[in-house]
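Participant: My questions are about this predicted structure, shown below with the sequence.
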Amino acid sequence: MKENQTVVTEFILLGFCLGLSIHMVLFGLFTLLYAFTLLGSGVILRLNSLDPRLHTPMYFFLSHLAIVDIAYACNTVPQMLVNLLNPATPISFAGCMTQTFLFLAFAHTECLLLVVMSYAWCVAICHPLRYSAIMSWRVCIILAGTSWACGSLLALVHLVLILRLPFCGPHEIDHFFCEILSVLKLACADTWLNQVVIFAGCAFVLVGPLCLGLVSYSRILVAILRIQSGEGRRKAFSTCSSYLCVVGLFLGSAIIMYMAPTSRHPEEQQKILFLFYSFVNPMLNPLIYSLRNVEVKSALRRALCKESHSQLV
């Protein structure tokens with residue numbers, strides 16, 4: 001390293017350069033979406049812990065997905081809200097690396113949980129009589145633990161590869177959080193190894209789960225078409241299409257971001273796509289996967305009735 005180069009100790013997140021008035025509007029909108037995300041996932045976790053009828057493998061995985069969504073949003077959104085009010089607020093190097101690691105860990109874990117849930121639902125639809133035997137609690141715990149472990153391990157690999165790089169020049173990240181591609185642009189060394197590992201990791205946690213999910217949902221669709229009842233077939237198809245849309249949007253957007261060639265405005269493209277990850281997907285997951293289900297609606301009504309009854313007493 002040259003003597004006139006200094007080690008970067010903090011970064012400035014540029015975020016959205018749209019003017020103060022637009023920043024205030026975005027601050028209000030993002031705060032509202034953030035609150036909805038925390039409320040929706042929090043309700044799912046609370047209901048799953050209170051109602052014994054929801055102590056099933058599918059709702060076990062939904063609880064883990066809710067935890068990921070809460071952690072995912074809490075990792076990126078607060079810093080973004082702070083920067084909307086005060087764009088010059090710096091983030092320390094350690095804080096930036098921590099944010100990058102947590103983002104990658106939660107993102108990888110969610111991808112793996114989505115494919116596990118598609119498999120669990122495929123077993124429930126295609127093999128209902130063997131569901132309890134196939135999806136035992138031991139298997140569920142192993143699948144969930146493996147998702148968390150693989151997600152964290154992959155994120156740790158990326159973090160180690162980033163920490164080996166020197167950061168001695170620019171300290172402005174053209175993003176609203178410490179996203180890995182934006183951070184790598186500031187490194188004062190060749191990042192080809194990082195790029196290769198990112199591409200390989202995407203093939204493992206994005207392309208692989210997407211293909212497995214499509215196989216599972218294809219089998220589910222075949223099973224749905226065999227349902228004799230028209231009403232039952234309609235409800236099952238509606239649920240399947242909703243789940244498939246969420247999985248396709250989440251994994252498809254990530255594939256476009258990390259595996260497709262960059263556009264003429266990669267920074268703007270990244271910010272728009274990551275807004276989906278930070279707000280839309282965590283907010284949609286409780287609505288699509290849980291709150292539309294009859295069992296969860298019944299559990300919510302029972303919890304509200306019990307609460308109102310206790311207040312009257």
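Facilitator: Great, that's in hand. Numbering: from 1, shown residues only.

Participant: going forward, measure contacts between C-alpha atoms and count neighbours the same way
Facilitator: Will do.

Participant: per-residue confidence for the residue nearest to Met257 when sequence neighbours are not counted?
Facilitator: Distance criterion C-alpha to C-alpha, 6 or more residues apart in numbering; nearest residue to Met257, sequence neighbours excluded, is Gln270 at 6.7 Å. At Gln270 the predicted local confidence, pLDDT, stands at 70.

Participant: Gln270 - how many residues pack around it?
Facilitator: By the other C-alpha atoms under 10 Å criterion, the neighbourhood of Gln270 contains 23 residues.

Participant: Pretty sure it sits against Tyr258.
Facilitator: No: with contact defined as C-alpha atoms under 8 Å, Gln270 does not count as touching Tyr258 (9.5 Å).

Participant: Next secondary structure element downstream of whichever helix or strand the residue nearest to Met257 is part of?
Facilitator: Element membership for Gln270, per DSSP states H and E: helix 266-275. Sequence-wise, the next helix or strand downstream of helix 266-275 (DSSP H and E) is helix 281-286.

Participant: got the contact list for that following helix?
Facilitator: Judged by C-alpha atoms under 8 Å, 6 or more residues apart in numbering, the contacts made with helix 281-286 from elsewhere in the structure are 33, 36-37, 40-41, 44, 66, 69-70, 72-73, 246, 250.

Participant: roughly how far is it from the heart of the chain?
Facilitator: Its chain's C-alpha centre and that of helix 281-286 lie 9 Å apart, by C-alpha atoms, centre = their mean, to the nearest Å.

Participant: For it, the averaged confidence score.
Facilitator: Rounded to a whole number, the mean pLDDT of helix 281-286 is 78.

Participant: cool, and stretch 212-220?
Facilitator: Taken as a whole, stretch 212-220 carries a mean pLDDT of 81.

Participant: list the buried ones in stretch 62-80?
Facilitator: By neighbour count with 16 or more other C-alpha atoms under 10 Å, stretch 62-80 contains the buried residues 62-77, 79-80.

Participant: in the stretch 151-300 of the chain, which ranges drop under the pLDDT threshold?
Facilitator: Along the stretch 151-300 of the chain, segments meeting pLDDT under 70 span 227-243, 260-269, 277, 289-295, 297.

Participant: Could I get the full set of strands for the stretch 101-250 of the chain?
Facilitator: According to DSSP state E, counting those that start in this stretch, the stretch 101-250 of the chain carries its strands in the segments 172-173.

Participant: Please, where are all the helices along it?
Facilitator: Counting by DSSP state H, counting those that start in this stretch, the stretch 101-250 of the chain forms helices over residues 131-134, 137-163, 180-184, 192-202, 208-225, 230-259, given from the N-terminal end onward.

Participant: quick one: low-confidence parts of the stretch 1-150 of the chain?
Facilitator: 1-6.

Participant: Give me the buried stretch members for stretch 41-50, please.
Facilitator: Counting neighbours by 16+ other C-alpha under 10 Å, one finds that the buried residues in stretch 41-50 are 41-45, 47-48.

Participant: possible to save the residues you listed as JSON lines with secondary structure?
Facilitator: As requested, the buried residues of stretch 41-50 are exported to JSON lines (DSSP: H, G, I helix; E, B strand; the rest coil):
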{"residue": "Ser41", "secondary structure": "helix"}
{"residue": "Gly42", "secondary structure": "helix"}
{"residue": "Val43", "secondary structure": "helix"}
{"residue": "Ile44", "secondary structure": "helix"}
{"residue": "Leu45", "secondary structure": "helix"}
{"residue": "Leu47", "secondary structure": "helix"}
{"residue": "Asn48", "secondary structure": "helix"}
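
Participant: Please convert the residues you listed to JSON lines, extending it with distance to Ser136.
Facilitator: Conversion of those to JSON lines gives the following (distance: C-alpha to C-alpha, whole Å):
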{"residue": "Ser41", "distance to Ser136": "25"}
{"residue": "Gly42", "distance to Ser136": "26"}
{"residue": "Val43", "distance to Ser136": "25"}
{"residue": "Ile44", "distance to Ser136": "22"}
{"residue": "Leu45", "distance to Ser136": "21"}
{"residue": "Leu47", "distance to Ser136": "21"}
{"residue": "Asn48", "distance to Ser136": "18"}
